[in-house]
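S.K.: fold the following and give me the result.
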Amino acid sequence: MKRNIVILGLVIAVVVTGYWGVRTNRILARWELQNENQYRNSFDKINSDFDSLEENLATTLVSQSEGMKSLKLNNIWRDAFSIQENLGRLPIAGISMTGVKKLLVDIEDLTYQLDKEGIGDGLTSEQREDLDNFHTQVKEINSELTEIQNRIEEDGFRWSRQRHIVLEEQEEVEEEVLSALHSLDTQTVQSAEADFAEGELALEAEGLAAQLGALEFEEGAELEDEAAIEIVKDFWSERSEEFTFEVAEEAVDEPGIVTVIAQSKDLNHEGATFDISQSEEEVIWFLEKKLFEEENIELEEARKIAAEFLEANDYQQLVLHETVRTPNVATFNFVPQKEEVLIYPRELAVKVALDEGEIIGFNGRDFLLNKDLELDLEPELSLSQAREKVSEELDLERENLVVIENELGEKILAYEFWGNFKEEQYRVYINAHTAQEERVESGAS
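M.R.: Residues are numbered from 1 along each chain as shown. A predicted model of the protein is given here:
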């Protein structure tokens, strides 16, 4: 009898231990996925901020308006500050990124000082040369970061597994992504030493953090877990059959957002994350992490897949605005068109995998945030009058009538002019009511 009791006790102990182990592994896996998403968001933000930094440096040199130059300078040191903040969030303790950080501080120093002193008489030749040098270095870094981003996607690199890796200068580094970051920093140091002496300007950074605003969604009624999961399943349609879902606790800091985590048994699909607006009960963002196979999908076919996905989810009257192709992925940005006017503040982005044609990403935040946008779409300025406000330096190609958000956060009707300057493409936006130059952007779309 005692022997049976002992055996029963051992069996119970084994079962409890096994259950505890399985539960612990699930918790750890969920924790690692959430951390991986946070690290990826930080690196994505670094990339987008470097895009913005490169663009703002270039457009400061092209812009004719004193007010626009001042706003661009403000954006430049805001971008530089944001990049440093997100660099500190990556698990790369063994890589100091001193060279990149030093360059960012030098950029902050110059642009803050220029903004503080004012540039009513325009940039001096020395200031223009400094900004041009900064733009060249930032452009090189941006190009390298794009390569690193592509390598991350191709190699299935995971930030969450790098926390304990420390790189030594004399050590042969096997981890290609971390090695690339290390090389990028070294090149930046060498470039800075060649082009710039030690900066003497002092940065007054008070109030910088306050300018880094975040989008907030209206808090609605509490969304039940089951309801949130059903929203995701409806949104993802038949693909949801391949996944299991659970609501993540405290996954985001934004009010009114519920995050759902999807996990798959398919080895090519490690998981996906969905953000849902509680007030609208709609998916506003999602991203799937997967390992890619050989590309089989042409860009036009991928565009049709993206358009059909949006139509299936009731997004109507959209026009393709921009296409970005990277290894294994095509990103399509769509905007609504009303009365022949493109509504840019309501942009939607869809990512399509080019191996199997799956929808692996979606961003509808701006579309939802600006759903109640109302604006007079009748311009007071003629096209020829607006064209006169564009710098003669630009070789103009085409124009559109569009709604944009200007540097002050106001939604306005504007003429969009596309043109080239020094083999770079630029877009200039002239207010269709006041004739003011509202924005200048670089980069092809």
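
S.K.: domain parsing for this structure?
M.R.: 31-198, 225-369, 383-442 (automatic domain parsing).

S.K.: what about stretch 416-427, average pLDDT?
M.R.: The pLDDT scores in stretch 416-427 average 84.

S.K.: what's the distance between that stretch and the middle of its chain?
M.R.: 23 Å (Cα atoms, centre = their mean, to the nearest Å).

S.K.: buried residues in that stretch?
M.R.: Within stretch 416-427, the residues that qualify as buried are 416-419, 425-427, counting by 16 or more other Cβ atoms under 10 Å. Heads up, the C-betas are built off the backbone N, CA and C, glycines and all.

S.K.: equivalent analysis for stretch 123-130, please.
M.R.: 123, 127, 130.

S.K.: got it, and stretch 352-360?
M.R.: Neighbour-count burial for stretch 352-360 [16+ other Cβ under 10 Å]: 352-355, 357-360.

S.K.: as TSV, those residues with secondary structure, pLDDT and distance to D395 would be great.
M.R.: Below are the buried residues of stretch 352-360 laid out as TSV (DSSP: H, G, I helix; E, B strand; the rest coil; pLDDT from 0 to 100; distance: Cβ to Cβ, whole Å):
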residue	secondary structure	pLDDT	distance to D395
V352	strand	94	33
A353	strand	92	37
L354	coil	94	33
D355	coil	92	39
G357	coil	94	38
E358	coil	92	40
I359	strand	93	38
I360	strand	90	37
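
S.K.: mind checking which of the buried residues of stretch 416-427 land in strands?
M.R.: Counting by DSSP state E, the members of the buried residues of stretch 416-427 that fall within strands are 416-419, 425-427.

S.K.: ok, which pair from the residues you listed is furthest apart?
M.R.: E416 and Q425 (12.4 Å; Cβ to Cβ).

S.K.: on that earlier part again, between the ones in strands among the buried residues of stretch 416-427, which is closest to E397?
M.R.: For those, the residue nearest E397 by Cβ to Cβ is W418; the value is 4.7 Å.

S.K.: contact partners for that closest one?
M.R.: W418 is in contact with 396-399, 425-427, counting by Cβ atoms under 8 Å, 6 or more residues apart in numbering.

S.K.: how does it look with 10 Å?
M.R.: Neighbouring residues of W418 by Cβ atoms under 10 Å, 6 or more residues apart in numbering: 394-400, 425-428, 444-445.

S.K.: looking at these, state which has the most neighbours.
M.R.: When these are compared by neighbour count (other Cβ atoms under 10 Å), V428 ends up highest, at 28 neighbours.

S.K.: which one is that one nearest to, not counting chain neighbours?
M.R.: Nearest residue to V428 in three dimensions, chain neighbours excluded: F417, at 4.6 Å (Cβ to Cβ, 6 or more residues apart in numbering).

S.K.: pretty sure that neighbour sits against Q425.
M.R.: No - checked against Cβ atoms under 10 Å, the pair F417 and Q425 is beyond contact range at 11.2 Å.

S.K.: now do the shared contacts for those two.
M.R.: Joint contacts of F417 and Q425 (Cβ under 10 Å, 6+ apart) are 394, 397.

S.K.: please, which helix or strand holds E356?
M.R.: If you go by DSSP states H and E, E356 is not part of any helix or strand.

S.K.: likewise for S384?
M.R.: Assigned by DSSP H and E, S384 falls in helix 383-387.

S.K.: in terms of secondary structure, what does that helix contact?
M.R.: strand 395-405, strand 411-421, strand 424-431 (3 or more Cβ pairs under 10 Å, 6 or more residues apart in numbering; DSSP states H and E).

S.K.: could I get these as TSV with distance to I141?
M.R.: Shown next, in TSV, are the helices and strands packed on helix 383-387 (distance: least, Cβ to Cβ, whole Å):
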stretch	distance to I141
strand 395-405	27
strand 411-421	22
strand 424-431	17
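
S.K.: these: which one's closest to E295?
M.R.: strand 424-431 (26.1 Å).

S.K.: who does that closest one pair up with?
M.R.: Strand pairing for strand 424-431, using DSSP bridges, gives strand 411-421 (antiparallel), strand 437-442 (antiparallel).

S.K.: mind putting the ones you listed into CSV with distance to V324?
M.R.: Shown next, in CSV, are the strands paired with strand 424-431 (distance: least, Cβ to Cβ, whole Å):
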stretch, distance to V324
strand 411-421, 17
strand 437-442, 15
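
S.K.: of these, which approaches N75 most closely?
M.R.: Proximity to N75 (Cβ to Cβ) singles out strand 437-442 among the strands paired with strand 424-431, at 10.5 Å.

S.K.: okay, now the unreliable bits of the stretch 201-350 of the chain?
M.R.: 201-222, 249-255, 265-270 (pLDDT under 70).

S.K.: let's go with 80 and repeat that
M.R.: For the stretch 201-350 of the chain, applying pLDDT under 80 flags the ranges 201-223, 248-256, 264-271, 289-291, 326.

S.K.: can you give me the strands for it?
M.R.: When assigned using DSSP state E, counting those that start in this stretch, the strands of the stretch 201-350 of the chain occupy the ranges 243-248, 257-264, 269-277, 282-290, 318-326, 329-338, 341-343, 348-353.

S.K.: can you redo those strands as TSV with distance to F81?
M.R.: TSV is the format used below for the strands of the stretch 201-350 of the chain (distance: least, Cβ to Cβ, whole Å):
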stretch	distance to F81
strand 243-248	29
strand 257-264	25
strand 269-277	25
strand 282-290	24
strand 318-326	26
strand 329-338	27
strand 341-343	31
strand 348-353	25
